[in-house]
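Trainee: next input, structure requested:
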Amino acid sequence: MTLRLSTGVGELPGVGPARKRSLEKLGLRTVGDLLSYYPRSYEDRRRTVKLCQAPEGIPVCIRAMVAQPPRLSRIRKGLTLTKVRIADDTGAATVTFFNQDYIRDALRTGEDYVFYGAVEGSAGSRSMTNPAFERAECSRFTGRILPVYPLTKGVSNNLLAGLTLRCVEACADETPESLPPEVLRDNGLCGAACACRSVHFPESETALEQARRRLIFEELFTLTCGLALLRTRREQAAGAAFRRAPLAEFEALLPFPLTGAQRRVMEEVAADTASGAPMNRLVQGDVGSGKTMVAAFGAWLAARSGFQCALMAPTELLAEQHFRSLEPLLAPAGVRLGLLTGSVKGTARKGVYAALERGEIDLVVGTHALLSEAVAFANLGLAVADEQHRFGVAQRAALAAKAGRTPHVLVMSATPIPRTLALIIYGDLDVSVIDQLPPGRTPVETYVVGEDKRQRMYGFVRRLVGEGRQAYLVCPAVEETQERAEETRIPAAGPDGPPEAAPSAALTAAVPYAQYLQNEVFPDLRVGLVHGRMKSRDKEGVMRAFAAGEIDVLVSTTVIEVGVDVPNAALMVVENAERFGLSQLHQLRGRVGRGKHQSYCVLVTGTQHPESRERLRVLSKTADGFKIAEEDLKLRGPGDFFGQRQHGLPQLGIANLAGDVRLLKQAQQAAEELLRSDPGLQRPEHGALLARVRRLFAENPDMFN
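Mentor: As a prediction, the model looks like this:
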């Protein structure tokens, strides 16, 4: 059959309905999908050696004959071993396969195969474990650099590599060229067809490097073009023009002085909102840096200019907290506030709806309830989203759409993002940074401790609670599951009380840990529990009780990462701290140190890995969230940096925003030059590039129509 990029994977030889479903789980539906599904690593199978020459522990290809029939042994339930003796003209070896019963029929005595894997042991007792293999006379992958792909159940690497090889041979020349000739020439890039062949089946390391460089550049170039088009559309739209007002007039409403960083960002907001073009600004700053005051300033400017403002928070508790803190500041200036959350019901809710529609509320603070169809504004001019990484682009756009025009948008995040990365992720926003904390904030003392200090840590919790303080104990898991059963632990109490040590690989689960602490460690204290699987109402109830001082020790998952302000909480203990990213640990640490008392963060880890412990010590050395974020980005990359993909950035297949900074700058420069000559990518020769931009931003299909 003739293959095309649009050919479905189900039409490929060897792909039946079950394999088709498995491939679709990987997002592979067509030949084109296979060609753009890039390997995660490679195996160099170009070198074939004799058994006596095989270096110990280094994967190589061995051509050998199956000398004896494979023997299958059932060791216990769920574990089988298949052993086979192989030999060449220099010696013999025993090959062992775990849980691969098909090997008994796949390997035939007297036939030659090529085995790829590491050889262990000395002459006379050589062995291999779970090597890949293929028949010597019809080998496809021996003698080449073999791609290794991300897999799923039902899809082996041999299957995927075989399918991709067929598709590369048939369709590589059909790969559309999205980069203009001048961009290829000026940046020394190979063509699309060459890159397609070499990224999957490179002839050499040099060919692979050239292919990767071209494909990474192409992704970053496409991303930059797409974000530039978004920015251009925003700048061309008409927005509400707020009247400028002296910043000193707003500051007079506050019971505390603004920091220089707050003033700088407020001046940027004032300039944006007075420009006549819609503002799209991200305000970054550590917990406690005063981002809420920037939102208050924007709401004050809107009300003075006859416009409404909506502030959307990720939880009811945080929305209520914002409302309680903003009302006494803004009400004296004539700003009328309203609160709309899921808890506001019946007549009260209808009253808020009516007041918003009549323009009798200047600033409404709420949760996702602000997105409901019943909410209508008289004159929405500013939309504020708190904790932007908790909201998708769609929610922000839905709130903005209620204005009937393009409103100003202000998004706030306490997750410090390195500026280079922020400019890409929030490429359609301007970025402001509040890099100062208000005076008088006492730094949180941070310690990294091993499991051998657990008893002392429990004593420290008890001492602080005895002084009237409260503590968080954060766990990486909610509850023990079958998959985690062998690694999940609650340290068993010994005859002298709680244990001093626990296995380093253990994973602390919040549900059983809370029970253990209440029953065994702190039976006289009030231990609470909150986690993400609880109903919203139950979570809010626990957090309210903690904020009211009715809980001494709150066991939690990272659900409290964005939470209510509890000034009396003075201790943050993070179990299995090595399981968290540095930026997430910094966020958790920001839950304490919000009151007048000295606060502490204790990072408990059982790991003995020097690099892991040194990584955690970064937190004990600095409180600068941006330095921590830079370190986190170097160590983990942007995918892990953000956890789940909540930031709205299109999924990249091969580029790494952290590691490919030099190529990113080249791609940005090339995109700027191209867009100066063709701002909308409307020329016929740029059609393939515009189509690629649309595919990359496929989460928002109407974005570029």
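Trainee: now residue 139: closest residue in space, sequence neighbours ignored.
Mentor: Closest residue to residue 139 apart from its sequence neighbours, by Cβ to Cβ, 6 or more residues apart in numbering: residue 114 at 5.4 Å. Bear in mind the C-beta positions are built from the backbone N, C-alpha and C, glycine included.
Trainee: tell me what the helix or strand the one you found falls within is packed against?
Mentor: Taking DSSP states H and E as the criterion, residue 114 maps to strand 112-117. Packing partners of strand 112-117 (3 or more Cβ pairs under 8 Å, 6 or more residues apart in numbering; DSSP states H and E): strand 60-66, strand 126-129, strand 132-135.
Trainee: and the second one, what does it pack onto?
Mentor: Judged by 3+ Cβ pairs under 8 Å, 6+ apart, the packing partners of strand 126-129 are strand 91-98, strand 112-117, strand 119-120.
Trainee: residue 220 is nearest to which of these?
Mentor: strand 112-117 (34.1 Å; Cβ to Cβ).
Trainee: what pairs with that closest one, parallel or antiparallel?
Mentor: Looking at strand 112-117 with DSSP bridges, its partner strands are strand 60-66 (antiparallel), strand 132-135 (antiparallel).
Trainee: which residues touch the most far-flung residue of the chain relative to its centre?
Mentor: Note on the chain: the largest C-alpha distance from the chain mean falls to residue 89, namely 52.4 Å (Cα atoms, centre = their mean). Going by Cβ atoms under 8 Å, 6 or more residues apart in numbering, residue 89 touches residue 50.
Trainee: quick check: phi and psi on it?
Mentor: Note on residue 89: its backbone torsions stand at phi -80, psi 0 [degrees, to the nearest 10].
Trainee: before we move on, the earlier item: and the pLDDT for the residue nearest to residue 139?
Mentor: What the model reports for residue 114 is a pLDDT of 95.
Trainee: how near is residue 312 to residue 217?
Mentor: 37 Å (Cβ to Cβ, to the nearest Å).
Trainee: then residue 73?
Mentor: 52 Å.
Trainee: more neighbours: the two, which one.
Mentor: Taking other Cβ atoms under 10 Å, residue 73 and residue 217 do not tie; residue 217 has more neighbours (24 against 10).
Trainee: pull out the buried positions in the helix or strand containing that one.
Mentor: For residue 217, the element it lies in under DSSP H and E is helix 205-236. Along helix 205-236, these residues count as buried under the neighbour rule (16 or more other Cβ atoms under 10 Å): 207-208, 210-230, 234.
Trainee: do stretch 540-549 as well
Mentor: Across stretch 540-549, burial judged by 16+ other Cβ under 10 Å covers 540, 542, 543, 546, 547.
Trainee: can you check stretch 124-136 too?
Mentor: Those would be 126, 128, 131, 132, 133, 134, 136, for stretch 124-136 by 16+ other Cβ under 10 Å.
Trainee: same thing with stretch 347-357?
Mentor: Neighbour-count burial for stretch 347-357 [16+ other Cβ under 10 Å]: 349, 352, 353, 356.
Trainee: phi, psi of the first one?
Mentor: Put plainly, it is residue 349. phi -70, psi -50.
Trainee: against residue 282, how distant is it?
Mentor: According to Cβ to Cβ, residue 349 and residue 282 sit 31 Å apart.
Trainee: wait, which of the helices and strands packed on strand 126-129 is closest to residue 474?
Mentor: strand 91-98 (37.0 Å).
Trainee: just the mean pLDDT for the helix or strand following the closest one, thanks.
Mentor: Proceeding N to C from strand 91-98, the next assigned helix or strand is helix 103-106, under DSSP H and E. Averaging the model's pLDDT scores along helix 103-106 yields 91.
Trainee: sorry, back to before: mind checking which of the buried residues of stretch 347-357 are in helices?
Mentor: The helices, defined by DSSP state H, take in 349, 352, 353, 356 from the buried residues of stretch 347-357.
Trainee: just checking, residue 225 touches residue 672?
Mentor: No: the pair residue 225 / residue 672 is not scored as a contact, 9.5 Å apart, by Cβ atoms under 8 Å.
Trainee: which element is the closest residue to residue 174 other than its chain neighbours on?
Mentor: Closest residue in space to residue 174, ignoring its immediate chain neighbours: residue 5 at 5.3 Å, by Cβ to Cβ, 6+ apart. Of the helices and strands defined by DSSP H and E, none includes residue 5.
Trainee: residue 5 touches residue 36, doesn't it?
Mentor: No: counting by Cβ under 8 Å, residue 36 is not a contact partner of residue 5; they are 9.6 Å apart.
Trainee: where is the longest strand in this structure?
Mentor: Longest strand in the chain, counting residues (DSSP state E): strand 79-88.
Trainee: contact partners of that one?
Mentor: Counting by Cβ under 8 Å, 6+ apart, residues outside strand 79-88 touching it are 50-51, 62-75, 92-101, 103-104, 107, 113, 115.
Trainee: check which residues of stretch 134-143 are buried.
Mentor: Using 16+ other Cβ under 10 Å as the test for burial, stretch 134-143 gives 134, 136, 139, 141, 142.
Trainee: helix, strand or coil: sort out the fourth one for me.
Mentor: Okay, so that is residue 141. coil (DSSP: H, G, I helix; E, B strand; the rest coil).
Trainee: surely it touches residue 45?
Mentor: Yes: if you go by Cβ under 8 Å, residue 141 and residue 45 touch, sitting 5.9 Å apart.
Trainee: identify the contacts common to the two.
Mentor: residue 116.
Trainee: returning to what we had before: neighbouring contacts of the next helix or strand after the helix holding residue 217?
Mentor: Moving toward the C-terminus from helix 205-236, the next helix or strand (DSSP H and E) is helix 247-251. The contact list for helix 247-251 (Cβ under 8 Å, 6+ apart) reads 257, 258, 263, 266, 267, 270, 297, 300.
Trainee: among these, which lie within helices?
Mentor: Using DSSP H, the contacts of helix 247-251 in helices are 263, 266, 267, 270, 297, 300.
Trainee: distance of the residue nearest to the fifth one when sequence neighbours are not counted relative to residue 259?
Mentor: In other words, residue 297. Excluding its sequence neighbours, the residue lying closest to residue 297 (Cβ to Cβ, 6+ apart) is residue 266, at 4.8 Å. From residue 266 across to residue 259, the span is 10 Å (Cβ to Cβ).
Trainee: which of the two has more neighbours?
Mentor: More neighbours surround residue 266 than the other of residue 266 and residue 259, with 25 against 19 (other Cβ under 10 Å).
Trainee: residue 295 is in contact with the more buried one, correct?
Mentor: No: assessed by Cβ under 8 Å, residue 266 is found out of contact with residue 295, at 10.3 Å.
Trainee: which neighbours do those two share?
Mentor: Counting by Cβ under 8 Å, 6+ apart, nothing touches both residue 266 and residue 295.
Trainee: what sits against the spatially closest residue to residue 441 that is not a sequence neighbour?
Mentor: The shortest distance from residue 441 to any non-neighbouring residue, by Cβ to Cβ, 6+ apart, is to residue 288 (6.2 Å). Residue 288 is in contact with 437, 438, 441, 590, 593, 594, counting by Cβ under 8 Å, 6+ apart.
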